[in-house]
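Participant: fold the following and give me the result.
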Amino acid sequence: MAQFISDGLSLAYDEFGPADARKAIVLVHGFSANRYENWKRMGWYDAIAAKGLRGFALDNRGHGESAKPHDPTSYSREAMARDVFALLDHAGVERAHLLGFSMGAHIALTAALLDGGRIDHLVVAGVGAKIFDPPRDEGAMAEAMEAESPDSIADPMLKSFRHFADEQKEDRLALAACSRGARLPLTRDSLMAVRRPTLVVAGARDQLAGLPQGLAEAVPGAKAVTLPGCDHFSCIGHPLFKASVFDFFDGWLE
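Facilitator: Just a heads-up that it's a prediction; the model follows:
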């Protein structure tokens, strides 16, 4: 297992694809997942290597094989975005494509606002127009992670995240702290500052994200792709998702 240090924390990552590639990409997974579950198992490592890209995928702090502090102050989205740049520094990479899914998309957008000059193309998936909505029930995700049993969780979406965390054998107290971490406000006004080629992808049935066009309209020049028949959890492995990303990188996506 490869590791790097960011903000005093030891974070795990994988590298794949040709080491001498001209272009690199960093993959940032979603909440309660990890680099294996979101990316390797779904075929992204092989697809990226086949495209001749040098790929990196990290386990976000609080997830997978990375450090898991239980203090919410360790999980600001700005700190998690800086983890991406720390990985690039560790690997000796100045600029890279950045692909984030769900929570990873929030991290990727935050990274673009902090230091967009190090990002080549930006892809955010599992997010859409609902990113601008106020939280449905702030603190509910943390409470779902802290619950003694998933049977006590009434909200189906929260229950599904809890079941997934249990299946992945994640540290639920770390996840609860992560969900309470401070977030850089992502508003229509603030996202006007994202000056990177940007693609927004979401499933047509993703009730958590909403339609991708609503987010793409807030980012100058951004493109949107809706994956037919997909909900929040099924889009990441969809072949059209991969095809759209690579078409975007190659300049073919209109």
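Participant: which residue is the nearest non-sequential neighbour of Ala19?
Facilitator: Arg54 (6.2 Å; C-beta to C-beta, 6 or more residues apart in numbering). C-beta: built from backbone N, CA, C; applies to glycine.
Participant: then Tyr36?
Facilitator: Closest to Tyr36 by C-beta to C-beta, 6+ apart is Gly64, at 7.1 Å.
Participant: show me the contacts for that neighbour.
Facilitator: With contact set as C-beta atoms under 8 Å, 6 or more residues apart in numbering, Gly64 has these partners: Ala12, His29, Asn34, Arg35, Tyr36, Glu170.
Participant: go ahead and confirm Ser10 touches Met1.
Facilitator: No - Ser10 lies out of contact with Met1 (C-beta atoms under 8 Å); the separation is 10.0 Å.
Participant: more neighbours: which of these two?
Facilitator: Shown here are Ser10 and Met1; by other C-beta atoms under 10 Å, Ser10 has more neighbours (12 against 9).
Participant: packing partners for the helix or strand in which that one is found?
Facilitator: Ser10 belongs to strand 9-16 when assigned by DSSP states H and E. Contact here means 3 or more C-beta pairs under 8 Å, 6 or more residues apart in numbering; DSSP states H and E; on that basis strand 9-16 packs against strand 2-6, helix 35, helix 44-50, strand 54-58, helix 77-91.
Participant: quick one: strands adjacent to it?
Facilitator: Using DSSP bridges, the strands paired with strand 9-16 in its sheet are strand 2-6 (antiparallel), strand 54-58 (antiparallel).
Participant: and these as TSV, adding mean pLDDT and distance to Ala182?
Facilitator: Converted to TSV, these look like this (pLDDT from 0 to 100; distance: least, C-beta to C-beta, whole Å):
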stretch	mean pLDDT	distance to Ala182
strand 2-6	98	17
strand 54-58	98	20
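Participant: these: which one's closest to Glu217?
Facilitator: strand 54-58 (29.2 Å; C-beta to C-beta).
Participant: residue ranges with poor pLDDT in the protein?
Facilitator: 253-254 (pLDDT under 70).
Participant: what ranges do the strands span in it?
Facilitator: Listed in chain order, the strands found in the chain under DSSP state E are 2-6, 9-16, 24-28, 54-58, 96-101, 119-125, 198-203, 223-227.
Participant: ranking the ones you listed by burial, who's on top?
Facilitator: Among these, strand 198-203 has the highest mean neighbour count (mean count of other C-beta atoms under 10 Å), at a mean of 28.
Participant: between that strand and strand 96-101, how big is the angle?
Facilitator: Interaxial angle of strand 198-203 relative to strand 96-101 (axes from the mean of the first three to the mean of the last three C-alpha atoms, to 10 degrees): 20 degrees.
Participant: now strand 198-203 and strand 223-227, what's the angle there?
Facilitator: 20 degrees.
Participant: and strand 198-203 with strand 119-125, angle?
Facilitator: 20 degrees.
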